[in-house]
Structure formats: structure tokens, C-alpha cells
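A.B. asks: Below: sequence and its predicted model.
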Amino acid sequence: MPALMSTARFLSGIQPSGELHIGNYFGAMRQHIDNQAAGDSFYFIANYHALTTIQDAELLRRNTFDVAASYLAMGLDPQRATLFRQSDVPEVTELTWLLLTVTPMGLLERAVSYKDKVARGLPASAGLFTYPALMAADILAYDSDVVPVGADQVQHVEITRDMAGAFNRTYDAEVFVLPAARLNQAKVVPGVDGQKMSKSYGNGISMFLAGKKLKKRVMSIVTDSTPVEAPKDPDACTVFRLHALFATDDERADLAARYRAGGLGYGDAKKELLAKIDAHFAAGRARYAELQADPSYVEDVLTAGAARARAVARQVVDRARAACGVA
Ligand code: ADP
Ligand code: TRP
């Protein structure tokens, strides 16, 4: 990949669909935070998208706040990255309509995420169907260059490029920047049952779980019945795979050797993992508790972020309005 110019705009959206788990942390959040200095980073909480699944006002407000507080607690620096709520930038919904008018039905009909969600039982609302147009507006409104996403969202970025191209061609104008997806390379983090950790499978370990609750969760990780003395295959063990996320290369090699040598029981391996998780999130957990006690700081960050984001979006949407003749 060519080196990115320092001015490249990175943008990603995070749905506020529940407590973040350590799969979300290693799979997405950590990259977002690490990237904050690499370019001009915009991160927003996709609360409009979440309305396709959460229809409880208080819950949505709480989840939205919690995601913002989690990012800040884990080191997102609002001076370097712009953190905001999707719904605080009305230009995005304005742009969604402009994009829909140049979007062939077939483009949305091919979106696999819609079909998957309906197959899993979500109501087939028009909002869910047009979800990719709202996501395209999220991306295009800020002239985003790079969109870091998980594999399931890559098609949505492709759809965004198609919509941007369709608009530019229809009005014979270079209104939108064509963004590129950047696939998060993180390994899939397993849940306590060994399947992919996911909110929808109920197998997650929440990032800020502590004390007895964290212990209980870690102790519930499913292992096989190999006796303590027997040699064990580290790669087949969920406890090891989780531990590896927190370990240095040397620590990982050392632990793998102890698995293979035999004599390490799963109970002890779990205790070591527990200590790692506890230590890794200790500072963030404390900061998270402070932010929960002082919601006004989080609100101020989101308000300032929205002002910065809106200033960009207004210009882009005005460009689009002028091109299509509604301004
Ligand atoms: P969930 O499956 O819990 O609903 P989301 O689909 O909301 O999680 O994912 C939010 C982000 O976290 C995405 O970028 C996704 O790639 C990442 N993510 C979620 N679960 C995992 C996992 N088990 N391993 C790695 N990354 C994950
Ligand atoms: N659809 C994304 C998800 O479910 C969230 C999202 C909304 C997003 N708008 C975006 C991600 C724009 C990247 C860019 O994870």
C-alpha cells in the first residue's frame, strides 16, 4: 500500500448496539485509537444506523454515551481525532436523499448485509434496506479517503464508491472523493464458547468488566477435558488464543511452550488470562468510571466534534446541492 499523505482523512462509524467487548476492542477500537495521529481521523457513533435494531430511546441514548466514553477512556484524544454523534450532523441525512436519487434499486438489492440481517429475523424496514445509502453519506460528507472497517462492511464501501461515481457522472462534476476501504487485519477474537465473540451470540467478555464478574466470565471459558499433566495444543485452546492478544511475542512463545510441555492446567491458565485482562483495562476502566460520573465532559467532546464535522459536511453537501440544482 502506498504511504498515506499525512492529510488523508480516515473515517469510521461504530454502532452503539450494546456494551463493547474485547473483540470490538482488538478488532476495531484499538486500530482507531492507534490511527488517530496518522491522518485526520473522524470517528462517529452511528446512532441513526442503530435505529434499525434498537427502538428504545433511553437504551439508545445510554449506548451512544457509553461508546463515546469507552473510546475516550481507552485513549482517544479529542484534540487529535474528531469524535461525534452521527445524528448531530443533519447534513448526512440531507445527503442520503441526494444519493438515493442516483442509486439503482439493484445496487441495494445486492447488499449481502441486508439479506443476512433479514435472514436473522430483523424487520425488513425501508430503513434497513437503504442503510448503505446512509453509510455512503456518512463517508462522502467528509471527503473521506480511507475507511477502516471489518470484512462485513467492505461491500458497503464499494457501494459508496458506486454511488459517488453515479452522482459525479450524472451531474458531470467531481463532487465526491472516492473512498477506499481498509480492512482491519485483526484476527477474529473468540468468545467464551470458542466461536467468534459477538454481542449477538452472548459469548462476549465486556471490556470494562471487573472483580468477581470478570473472574466468573473468564472461568466460564469452555475448554476440553485434557488432564493437567498432559501436553496441550495452545492453538486449539480459547484461553490461549485470548491470552495471546495481551501478550508480547516472548510471553506468547513461553506460554505456548508451557502448554506443550504438559503440567499447566486450564484453571491456572485462566487465572493468568484473568490477570492480563484485568491489568490491560485497569486504567481505562477507572477513566470510564470517572467519565460516567461526569457526563458533561463527554457531551462537550461530542458537541465540539460535531461542530468540526459539520463545518466539513456543509461544504460538501453544498457542492452536491449546487451540482444537482437544488441550490
Ligand atoms: P458484534 O458482532 O458484537 O455485534 P459488531 O458487528 O458491532 O460486533 O462489530 C463492531 C466492530 O468490532 C467491527 O469492526 C468488527 O469487525 C469488530 N469485531 C466484532 N467482533 C469481533 C471479533 N470477535 N473479533 C474481531 N473483531 C471483531
Ligand atoms: N455499518 C457500520 C457497522 O455496522 C457502521 C457504520 C455506519 C460505518 N456508517 C459508517 C462504518 C461509515 C464506516 C463508515 O459496523
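C.D. replies: That came through fine. Ligands and ions are numbered 1, 2, ... in the order given.

A.B. asks: gap between the closest residue to Gly150 other than its chain neighbours and Ala38?
C.D. replies: Closest residue in space to Gly150, ignoring its immediate chain neighbours: Asn184 at 5.5 Å, by C-beta to C-beta, 6 or more residues apart in numbering. C-beta coordinates here come from the backbone N, C-alpha and C atoms, glycine included. From Asn184 over to Ala38 the distance is 14 Å, taken as C-beta to C-beta, to the nearest Å.

A.B. asks: one step back: burial of the residue nearest to Gly150, as a residue count?
C.D. replies: Close neighbours of Asn184, defined as other C-beta atoms under 10 Å, add up to 18.

A.B. asks: I figured it was touching Phe26, is that so?
C.D. replies: No: here Asn184 lies out of contact with Phe26, judged by C-beta atoms under 8 Å, at a distance of 9.4 Å.

A.B. asks: Can you name the residues that contact Asp143?
C.D. replies: Neighbour list for Asp143: Arg9, Phe176, Val177, Val312, Val316 [criterion: C-beta atoms under 8 Å, 6 or more residues apart in numbering].

A.B. asks: Go ahead and list the helix or strand containing the fourth one.
C.D. replies: Val312 is located in helix 295-324, with elements delineated by DSSP states H and E.

A.B. asks: Tell me how many other residues surround Val317.
C.D. replies: Counted with other C-beta under 10 Å, residues neighbouring Val317 total 23.

A.B. asks: returning to that earlier point: give the buried subset of the contacts of Asp143 as a PyMOL selection command.
C.D. replies: Per 16 or more other C-beta atoms under 10 Å, the buried members of the contacts of Asp143 correspond to this PyMOL selection:
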select buried, resi 9+176+312+316
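
A.B. asks: which of the contacts of Asp143 lies closest to Ala261?
C.D. replies: Closest approach to Ala261 among the contacts of Asp143 (C-beta to C-beta): Arg9, at 49.8 Å.

A.B. asks: Surely the closest one is in contact with Pro148?
C.D. replies: No: shown here, Arg9 and Pro148 do not form a contact pair, counting by C-beta under 8 Å, at 11.6 Å.

A.B. asks: got the contact list for the closest residue in space to Gly191 that isn't next to it in sequence?
C.D. replies: Distances taken as C-beta to C-beta, 6+ apart place Asn203 nearest to Gly191, at 2.9 Å, with adjacent residues excluded. Contact analysis of Asn203 by C-beta under 8 Å, 6+ apart lists Gly191, Val192, Asp193, Gln195, Met197.

A.B. asks: now those as TSV including secondary structure?
C.D. replies: Converted to TSV, those look like this (DSSP: H, G, I helix; E, B strand; the rest coil):
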residue	secondary structure
Gly191	coil
Val192	coil
Asp193	coil
Gln195	coil
Met197	coil
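
A.B. asks: those strands in the stretch 1-150 of the chain, which residues are they?
C.D. replies: 9-14, 40-45, 82-85, 146-149 (DSSP state E, counting those that start in this stretch).

A.B. asks: got JSON lines for those, with mean pLDDT too?
C.D. replies: Shown next, in JSON lines, are the strands of the stretch 1-150 of the chain (pLDDT from 0 to 100):
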{"stretch": "strand 9-14", "mean pLDDT": "96"}
{"stretch": "strand 40-45", "mean pLDDT": "97"}
{"stretch": "strand 82-85", "mean pLDDT": "98"}
{"stretch": "strand 146-149", "mean pLDDT": "95"}
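
A.B. asks: between those, which one is nearest to Asp162?
C.D. replies: Shortest distance between Asp162 and the strands of the stretch 1-150 of the chain, using C-beta to C-beta, is found for strand 146-149: 14.2 Å.
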